[in-house]
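Colleague: Need coordinates for the below:
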Amino acid sequence: MVIAAVLTLPVAALIALLLARFRSRRGHPAPRRTAVADVAVVVGTAPWIWMIFTPGTLQLVHLVPLVDLADQITLMSPGAAFVQIVGNLLVFAVLGAMLPVRSARFASLGTVAAVAATSSLTVEVLQYALRIGRVSSVDDVILNTAGAVLAALVTRRWWARR
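Modeller: Residues are numbered from 1 along each chain as shown. I've put the predicted structure just below:
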């Protein structure tokens, strides 16, 4: 997945450049910043969503907060638990990092958390509803949201101004 994402970077850069040029011609107030943010969100989030929706073999639902996370830590090998936890933190990290950079409307941690939680909840509900053999867990929503908020904090100096 990382290799595929890296290989898309030249195409993404070209798309961001063309989008910025198009927006500039239309009089957009921040064509470059918004074009880069929009392309980054797609390139940084789409591979994770693709991976999340690949069919699995285990259809489970975990609705009690932190139980699934505790099981991952105690029952999985340390490496597998690390990959699972860090992967969930990264799913919406680019979304969380770029939303407040793109628009002042999203320039608060609460708003980033709300958008990330809603997006993550949608993914978890779809995993269950589509019956693709994946685990739907409230802990995934918590970790996805936490990752988005942490990433937003990293980009705070570049947030759009009101």
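Colleague: can you list the weak-confidence ranges in this structure?
Modeller: 1 (pLDDT under 70).
Colleague: what's the closest non-adjacent residue to Ser120?
Modeller: Excluding its sequence neighbours, the residue lying closest to Ser120 (C-beta to C-beta, 6 or more residues apart in numbering) is Asn144, at 3.8 Å. (C-beta placed from N, C-alpha, C; glycine too.)
Colleague: With Val138 as the reference, measure out to that neighbour.
Modeller: 11 Å (C-beta to C-beta, to the nearest Å).
Colleague: neighbour-wise, which of these two wins?
Modeller: Asn144 (28 against 19; other C-beta atoms under 10 Å).
Colleague: and the residue nearest the centre of the chain, what is it in contact with?
Modeller: In the chain, the centroid-proximal residue (C-alpha atoms, centre = their mean) is Phe92; its distance is 1.4 Å. Listed by C-beta atoms under 8 Å, 6 or more residues apart in numbering, the contact set of Phe92 reads 45, 48, 116, 119-120, 144-145, 147-148.
Colleague: got it, and Leu143?
Modeller: Counting by C-beta under 8 Å, 6+ apart, Leu143 touches 69, 85, 88-89, 91.
Colleague: Secondary structure class of it, three-state.
Modeller: Put simply, Leu143 is helix when judged by DSSP: H, G, I helix; E, B strand; the rest coil.
Colleague: The nearest residue to Ile49 once chain neighbours are set aside is in what secondary structure piece?
Modeller: Of all residues not flanking Ile49 in the chain, Val123 sits nearest, at 6.9 Å (C-beta to C-beta, 6+ apart). Under the criterion of DSSP states H and E, Val123 resides in helix 109-129.
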